[in-house]
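K.L.:
show me how the following folds:
(one chain, ligands or ions: 1)
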Amino acid sequence: MASNVKKGSEEEQPTSRLQIYSTSDTLSPFWREKYEKDAKKYWDVFYKRHQDRFFKDRHYLDKEWGQYFSGAGRKVILEVGCGAGNTIFPLLETYTDAFVHACDFSPHAVNLVKAHKDFTDSRVSAFVCDLTIDDLSKQISSSSVDIVTMIFVLSAVSPEKMPLVLKNVRKVLKPSGRVLFRDYATGDLAQERLNCKDQKISENFYRAFYFSNEFLTSLFKENGFDVEQLDLCCKQVENRSRELVMNRRWVQAVFRLSDGTNSSTNTEAAISVNHLGQEKIELDVNGNMLKQRRTI
Ligand SMILES: C[S@@+](CC[C@H](N)C(=O)[O-])C[C@H]1O[C@@H](n2cnc3c(N)ncnc32)[C@H](O)[C@@H]1O
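P.N.:
Okay, here's the model as predicted:
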């Protein structure tokens, strides 16, 4: 996180309503409607206020997914919910031939991307788009994208509307394309403690969805994707000055367009829990342990 966000400041404390979505929660109609109406506005205010200082550049992408970005030919990437560009600019730097489409429903976020020192029209097309409403194929040719990056964006969309995002993305993905996904997992400290600054989008506005393996697998399968890989990643982060041990959990996954056949065998083998630097546990689709091994 950017150093200008003060640790332990008033600003980080939830002062009002916190709405956490989970597969078992039901939102009251009032809050669902209010969130949907206000989400775009609040994210836009968030970027107006924090500019490009809140999220850190994501330098792990080539380490985690290099095999998908490299290879023959110019790769076309679509970053959905691009924010200030913390995913796209590290990618452009590493893969010097890549072309990136980047969209977000916050006009301020898209302007930050366009104002970035590494932005150039010949390599980036940045545009405003609400993924749940606007048809991506009006901006990008159908079946032309090699890789869609979905980094901490689907958790910002209400569960009822997630299928709309996946259907939208499907239109522009090549048949051989992949969706690279990373987002909050159930049991993340922010879900447990409800006071993490990551959750605060604006005054009185907090938002998150936490994915379970089962929910994520069904969501993508029901919308025409197969699971190629799915890891539950867990990391303990210690903050000595505040005497806190924080359990961060996120899901990292790769999806491809469904070929229409039943690929449950592949899916079972691919799903794993990865306690970083500690152990790797392979689960079947129902979360039962198949194998456990040390990774260090
Ligand atoms: C946590 S930020 C992640 C930004 C970026 N992917 C990154 O790697 O840093 C989530 C982003 O999703 C955007 N977003 C949320 N809902 C959206 C929607 N329905 N359509 C387009 N963008 C959306 C927000 O404006 C925000 O920029």
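K.L.:
where does the stretch 101-250 of the chain have low pLDDT?
P.N.:
189-208 (pLDDT under 70).
K.L.:
which bits of it sit near the ligand?
P.N.:
Residues of the stretch 101-250 of the chain lying close to the ligand by C-beta under 6 Å from any ligand atom are 104-106, 109, 129-132, 151-153, 156-157. All C-beta spots, glycine's among them, are computed from the backbone N, C-alpha and C.
K.L.:
by neighbour count, which of these wins?
P.N.:
residue 104 (29 neighbours; other C-beta atoms under 10 Å).
K.L.:
so what's it bridging to?
P.N.:
residue 128 (DSSP bridges).
K.L.:
and if you look at residue 233?
P.N.:
Beta-bridge partners, per DSSP bridges, of residue 233: residue 250, residue 274.
K.L.:
what is the neighbour count of it?
P.N.:
By other C-beta under 10 Å, neighbour count at residue 233 equals 17.
K.L.:
and residue 144, by the same measure?
P.N.:
The burial count for residue 144: 15, using other C-beta under 10 Å.
K.L.:
tell me where the chain has strands.
P.N.:
19-21, 76-80, 99-104, 124-128, 145-151, 173-184, 200-202, 205-209, 225-239, 244-257, 271-275, 279-283, 289-294 (DSSP state E).
K.L.:
got CSV for those strands, with distance to residue 66 too?
P.N.:
As requested, the strands of the chain are exported to CSV (distance: least, C-beta to C-beta, whole Å):
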stretch, distance to residue 66
strand 19-21, 32
strand 76-80, 13
strand 99-104, 16
strand 124-128, 20
strand 145-151, 11
strand 173-184, 11
strand 200-202, 32
strand 205-209, 28
strand 225-239, 14
strand 244-257, 12
strand 271-275, 17
strand 279-283, 19
strand 289-294, 23
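K.L.:
and residue 161, how far from residue 122?
P.N.:
With distances taken as C-beta to C-beta, to the nearest Å, residue 161 is found 33 Å from residue 122.
K.L.:
okay, the two: which has more neighbours?
P.N.:
A direct count of neighbours by other C-beta under 10 Å for residue 161 and residue 122 places residue 161 higher, at 15 against 6.
K.L.:
and the pLDDT for the spatially closest residue to residue 211 that is not a sequence neighbour?
P.N.:
Nearest non-adjacent residue to residue 211, counting by C-beta to C-beta, 6 or more residues apart in numbering: residue 251, 5.0 Å away. Note on residue 251: pLDDT of 94.
K.L.:
the closest residue to residue 47 other than its chain neighbours: how many residues sit nearby?
P.N.:
Among residues not flanking residue 47 along the chain, residue 108 sits closest, at 3.9 Å (C-beta to C-beta, 6+ apart). By the criterion of other C-beta under 10 Å, residue 108 has 19 neighbours.
K.L.:
what do you get for residue 83?
P.N.:
So residue 83, with other C-beta under 10 Å, has 27 neighbours.
K.L.:
again with residue 237
P.N.:
For residue 237, using other C-beta under 10 Å, the count is 10.
K.L.:
that one and the ligand, how far apart?
P.N.:
18 Å (C-beta to the nearest ligand atom, to the nearest Å).
K.L.:
any figure for the gap between the closest residue to that residue other than its chain neighbours and the ligand?
P.N.:
In space, and not counting its chain neighbours, residue 237 is closest to residue 246: 4.6 Å by C-beta to C-beta, 6+ apart. From residue 246 over to the ligand the distance is 18 Å, taken as C-beta to the nearest ligand atom.
K.L.:
give the contact list for residue 246.
P.N.:
By C-beta atoms under 8 Å, 6 or more residues apart in numbering, the contact list for residue 246 reads 189, 236, 237, 238, 239.
K.L.:
out of those, who's the most crowded?
P.N.:
residue 189 (18 neighbours).
K.L.:
looking at the contacts of residue 246, which is nearest residue 95?
P.N.:
Of all the contacts of residue 246, residue 95 sits closest to residue 237, with 29.3 Å by C-beta to C-beta.
K.L.:
pretty sure that closest one contacts residue 248?
P.N.:
Yes - counting by C-beta atoms under 8 Å, residue 237 touches residue 248, with 5.7 Å between them.
K.L.:
just to revisit the earlier point, between which two of the contacts of residue 246 is the distance greatest?
P.N.:
189 and 238 (11.9 Å).
K.L.:
and the end-to-end length of stretch 100-109?
P.N.:
Taking C-alpha to C-alpha, to the nearest Å, the first and last residues of stretch 100-109 lie 16 Å apart.
K.L.:
done for today, thanks.
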